[in-house]
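Engineer: Output the structure for:
(2 chains)
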Amino acid sequence: DVKVTQSSRYLVKRTGEKVFLECVQDMDHENMFWYRQDPGLGLRLIYFSYDVKMKEKGDIPEGYSVSREKKERFSLILESASTNQTSMYLCASSSNYGTGTQPQHFGDGTRLSIL
Amino acid sequence: DQQVKQNSPSLSVQEGRISILNCDYTNSMFDYFLWYKKYPAEGPTFLISISSIKDKNEDGRFTVFLNKSAKHLSLHIVPSQPGDSAVYFCAASDAGGYQKVTFGTGTKLQVIP
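Structural biologist: Numbering: from 1, shown residues only, chains lettered A, B, ... in the order given. As a prediction, the model looks like this:
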């Protein structure tokens, strides 16, 4: 079974802090994704990566950056946290192999509060 | 702009009856569609998918219908069970998108025993 592990379930940080959210997958998936989930807005893609050291902006990349130094690990960085970045953050991974778009496997999320 | 829309934020259904969740999309380049289910405090889990070359895909109690001309898809759950109570997300992708998908806003389904 695919396991996507996010380092923290809950996190509280202060405005202006640099925040790191970590995600690890154990299925050798090529693709990894970071989303945020907000009420009424669904899941919005922040960044994704299709290979080590490769990254692509999603729909809402402003204020975020990412790092993928190893295939299994994808980090989301809030350069200078702001209160509007308070949200549920979800990491996912998927394979390139198979017919059509492959299902994404999600972690359980990190609820981040910026005070 | 919201390319994938789920216009019903919530839906209540009696146990044993059919649940129908709807999804509309605007991008004609989308060619693959997926449904995910999400319980509170858990990540979404994949439920069922359909390619644009089909108009129906069935997996047990779950059936997804695709109407390409209307840019509309629906998820039917028959019979509905209390354990189906969750938020359901529709998602869509296009062939050139690095396995990237666009999610809808979700519909919260409550199945009443």
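Engineer: where in the chain is pLDDT low?
Structural biologist: Chain wasn't specified; assuming chain A. Scanning chain A for pLDDT under 70 picks out A:2.
Engineer: Let me rephrase: I mean chain B.
Structural biologist: B:96-97.
Engineer: Enumerate the residues of it near chain A.
Structural biologist: B:6, B:9, B:32, B:34, B:41-46, B:49, B:51, B:89, B:93, B:97-106 (C-beta under 8 Å from any C-beta of the partner chain). In short, each C-beta sits where N, CA and C put it, glycine included.
Engineer: and with 7 Å instead?
Structural biologist: Contact residues, chain B versus chain A (C-beta under 7 Å from any C-beta of the partner chain): B:32, B:34, B:41-44, B:46, B:49, B:51, B:89, B:93, B:98-101, B:103-106.
Engineer: From the residues you listed, which land in strands?
Structural biologist: B:32, B:34, B:46, B:49, B:51, B:89, B:93, B:103 (DSSP state E).
Engineer: And the second one, how close does it get to B:Ser52?
Structural biologist: Read that as B:Leu34. Using C-beta to C-beta, to the nearest Å, one gets 12 Å for the distance from B:Leu34 to B:Ser52.
Engineer: And A:Val24, by the same measure?
Structural biologist: Taking C-beta to C-beta, one finds A:Val24 at 34 Å from B:Ser52.
Engineer: and what of A:Tyr35?
Structural biologist: With C-beta to C-beta as the criterion, A:Tyr35 and B:Ser52 are 24 Å apart.
Engineer: Kindly report the same for B:Trp35.
Structural biologist: Distance of B:Trp35 to B:Ser52, given as C-beta to C-beta: 15 Å.
Engineer: same question, B:Gln81
Structural biologist: With C-beta to C-beta as the criterion, B:Gln81 and B:Ser52 are 30 Å apart.
Engineer: And for A:Asn84?
Structural biologist: Per C-beta to C-beta, A:Asn84 is found 36 Å from B:Ser52.
Engineer: And for B:Ile20?
Structural biologist: For B:Ile20, the distance to B:Ser52 - C-beta to C-beta - is 21 Å.
Engineer: and the residue of chain A found nearest chain B, what does it touch?
Structural biologist: Nearest residue of chain A to chain B, counting by C-beta to the nearest C-beta: A:Phe106, 3.0 Å away. If you count contacts by C-beta atoms under 7 Å, 6 or more residues apart in numbering or on different chains, A:Phe106 has them with A:4, A:90, A:92, B:43-44.
Engineer: so B:Gly83, which of the three states?
Structural biologist: helix (DSSP: H, G, I helix; E, B strand; the rest coil).
Engineer: ok, it - how many residues close by?
Structural biologist: Neighbour count of B:Gly83, defined by other C-beta atoms under 10 Å in any protein chain shown: 9.
Engineer: Any residues of chain A in contact with chain B? List them.
Structural biologist: Neighbours of chain B within chain A, by C-beta under 7 Å from any C-beta: A:31, A:40-43, A:45, A:48, A:50, A:56, A:90, A:94, A:96, A:100-104, A:106-109.
Engineer: and these, which of them are in strands?
Structural biologist: A:31, A:42-43, A:45, A:48, A:56, A:90, A:94, A:106.
Engineer: ok, for the residue in chain B that chain A sits nearest to, nearest residue in space, not its chain neighbours?
Structural biologist: At 3.0 Å from chain A, B:Gly43 is the closest residue in chain B, using C-beta to the nearest C-beta. The shortest distance from B:Gly43 to any residue other than its chain neighbours is 3.0 Å, reached at A:Phe106 (C-beta to C-beta, 6 or more residues apart in numbering or on different chains).
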